[in-house]
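> can't give you the sequence, but here's the structure:
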Ligand code: ARG
């Protein structure tokens, strides 16, 4: 009977696992993705065990050679993944024993799958965070250069999606860049808490072998070993932290996507997206749809979902490891893939955005966007702001009736509403005058946008040097 029970833990069992239960509890179909990290962790573990005298050097070498061969088999697609062997850990260990015999069974000395899987996920997350960071930097760089190029390009700025005041397109793009700068900080902060090593916590209480966790941590590039074995095997808050980062990032990308979708519409007509980021319609020949931003906006929902899954997964778990934790992988893998793809899409697309300058300018001119500038002009001439507001309101009402923007009215027309208005008013009623006047740090004036782009460039370069 025991030959039909699981070879890794079947010793105390008197009947084989139910076939459905074996399938239900297995994770190998998805956690095989952790194979490179599992092998990396095992090589470090074996190296440490030999260093402290638990394994001989020959045993260590046999284990390491065997694991390297297995890595090759997996990469070449020759590895035979077995569901009865449950997970990636036991599949690899069983194959090792098949290849090198009894020595393979010594690899698991002084560890458990509980600290093993926690270590694997952290190694995986660290690798993925580093890949994601490269894309995030590339996107930020693209935004900074686009903003610098478009520092003088005028567009309407909106509140409530109603034309508010003119801004520069560069200023708008740098607003996006600021969102991403904060996301970048969140990602790097998350990495610090990911990069801590659970190995050595064993099942939950530590191990009786004379292990040296600092050696293993150093071999694997972890900053330090975890402090508490119970916490080490059960903690997944680093995964929750990553999906929080991912949710906020996707929320930002989704807002940007929404603007890109609006801007490419015939109604806005602010930008063109190159054809390679769009698709057509099978029925309406005239259509060019902004699919890439729409999909990024759509994918935001699944990442929020993963954050909720992980929070809910953890909320009722008593210490220490519980099988519930096996459910952490699929949401995490999908969050990682989605973030990477969405960042790549944006990093490729943003430098290719072509602003339709004349159309943006015309839209800013149409919407009475310099009304605040006229009010500020009156205030500078001694009118109380509330009175100025009323005067400008009447001017706008007149403009609506006569279909004229403020800058298109004659001096006489403007003077109907206040005799304080003089010829110099036209300096502030132009769009160029309006943006140039907002000339302070954080303002939309073209020279401020260029200075902000330069500061952003330097901040990003400093981050690179520090990483
Ligand atoms: N497949 C498990 C997981 O993903 C590995 C750890 C299982 N440990 C155990 N004692 N059943 O979490």
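Arrived safely. It should be emphasised that the depicted structure is a prediction, and the values quoted were computed from it without experimental measurement.

> list the residues that contact residue 74.
32, 35, 36 (Cβ atoms under 8 Å, 6 or more residues apart in numbering). Glycine gets a C-beta too; all of them are placed from N, C-alpha and C.

> hmm, 10 Å instead?
32, 35, 36, 38, 39, 81, 88, 91, 92, 95 (Cβ atoms under 10 Å, 6 or more residues apart in numbering).

> same deal with residue 397?
For residue 397, the contact set (Cβ under 10 Å, 6+ apart) comprises residue 417.

> residue 165 now?
By Cβ under 10 Å, 6+ apart, residue 165 lies in contact with 156-159, 364, 367-373, 431, 434-435, 438, 444.

> run the last query once more with 6 Å
Taking Cβ atoms under 6 Å, 6 or more residues apart in numbering, we find residue 165 in contact with 157, 369, 372.

> and the helix or strand where it lies, how far out from the chain's middle?
Under the criterion of DSSP states H and E, residue 165 resides in strand 162-168. Relative to the centre of its chain, strand 162-168 is centred 29 Å away, using Cα atoms, centre = their mean, to the nearest Å.

> mind listing what's buried in it?
163, 164, 165, 166, 167, 168 (16 or more other Cβ atoms under 10 Å).

> same question for stretch 61-75.
Per 16+ other Cβ under 10 Å, stretch 61-75 contains these buried residues: 62, 63, 64, 66, 67, 70, 71, 73, 74.

> columns secondary structure on top of those, output as a markdown table?
A markdown table is the format used below for those (DSSP: H, G, I helix; E, B strand; the rest coil):
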| residue | secondary structure |
| --- | --- |
| 62 | helix |
| 63 | helix |
| 64 | helix |
| 66 | helix |
| 67 | helix |
| 70 | helix |
| 71 | helix |
| 73 | helix |
| 74 | helix |
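
> what two of those are the furthest from one another?
The distance between the two most remote of these (Cβ to Cβ) is 18.8 Å, for 62 and 74.

> what separation do you get for the closest residue to residue 367 other than its chain neighbours and the ligand?
Computed as Cβ to Cβ, 6 or more residues apart in numbering, the closest residue to residue 367 that is not its neighbour in sequence is residue 163, at 2.7 Å. Applying Cβ to the nearest ligand atom, to the nearest Å, the value for residue 163 to the ligand is 54 Å.

> what pLDDT does the model give residue 163?
Per-residue pLDDT puts residue 163 at 95.

> which strand residues bridge it?
Beta-bridge partners of residue 163, counted by DSSP bridges, are residue 158.

> now residue 113: closest residue in space that isn't a chain neighbour?
residue 89 (5.0 Å).

> name the SS class of that neighbour, please.
What three-state DSSP gives for residue 89 is helix.

> what's the pLDDT at it?
Confidence score, pLDDT, at residue 89: 98.

> with residue 1 instead?
35.

> cool, and the one 5 residues further on?
Per-residue pLDDT puts residue 6 at 72.

> got the contact list for it?
By Cβ under 6 Å, 6+ apart, residue 6 has no neighbours at all.

> over to residue 436?
Residue 436 is in contact with residue 445, counting by Cβ under 6 Å, 6+ apart.

> and it, that one's in a strand?
No - under three-state DSSP, residue 436 falls outside any strand and is assigned helix.

> still on that earlier bit, could you point out which element follows the strand holding residue 165?
Next along the chain after strand 162-168, taking DSSP H and E as the criterion, comes helix 169-194.

> so which bits of the stretch 301-450 of the chain are right by the ligand?
Within reach of the ligand by Cβ under 6 Å from any ligand atom, the stretch 301-450 of the chain has these residues: 323, 325, 326.

> can you say which of those residues are buried?
325, 326.

> okay if I get the residues of the stretch 301-450 of the chain next to the ligand as CSV plus pLDDT and secondary structure?
Formatted as CSV, these follow (pLDDT from 0 to 100; DSSP: H, G, I helix; E, B strand; the rest coil):
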residue, pLDDT, secondary structure
323, 98, helix
325, 97, helix
326, 98, helix
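
> show me which of the residues of the stretch 301-450 of the chain next to the ligand is closest to the ligand.
For these, the residue nearest the ligand by Cβ to the nearest ligand atom is residue 326; the value is 3.7 Å.

> ok, and the closest non-adjacent residue to the closest one?
Going by Cβ to Cβ, 6+ apart, residue 326 has residue 27 as its nearest residue, at 5.1 Å.

> local confidence estimate at that neighbour?
For residue 27, the predicted pLDDT is 98.

> what's around it, how many residues?
Residue 27 has 19 neighbours, counted by other Cβ atoms under 10 Å.

> residue 222 now?
Neighbour number of residue 222 under other Cβ under 10 Å is 23.

> the top helix by length along the chain and the ligand, any residue contact?
If you go by DSSP state H, the chain has its longest helix at helix 113-149. Yes - residues of helix 113-149 contacting the ligand under Cβ under 6 Å from any ligand atom: 113, 114, 117.

> tell me the buried residues in that helix?
113-126, 128-129, 132-133, 135-144, 146-148.

> find the residue closest to the closest residue to the ligand within the stretch 151-300 of the chain in space, skipping its chain neighbours.
Using Cβ to the nearest ligand atom, the closest approach of the stretch 151-300 of the chain to the ligand is made by residue 203 at 7.1 Å. Closest residue to residue 203 apart from its sequence neighbours, by Cβ to Cβ, 6+ apart: residue 112 at 4.0 Å.

> A helix includes residue 156, no?
No - checked against three-state DSSP, residue 156 lies outside a helix; its state is strand.

> can you list the residues of the stretch 1-150 of the chain near the ligand?
27, 31, 87, 113, 114, 117.

> low-confidence ranges, the protein, go.
1-5, 7, 464-467 (pLDDT under 70).

> the same query, at a cut-off of 90, please.
Where the chain drops to pLDDT under 90, the residues are 1-17, 274-275, 277-288, 366-367, 407, 427, 463-467.

> in the helix or strand harbouring residue 426, what's buried?
Element membership of residue 426 [criterion: DSSP H and E] is helix 425-429. Neighbour-count burial for helix 425-429 flags 425, 428, 429 (criterion: 16+ other Cβ under 10 Å).

> got CSV for those residues, with distance to residue 351 too?
Shown next, in CSV, are the buried residues of helix 425-429 (distance: Cβ to Cβ, whole Å):
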residue, distance to residue 351
425, 40
428, 34
429, 34
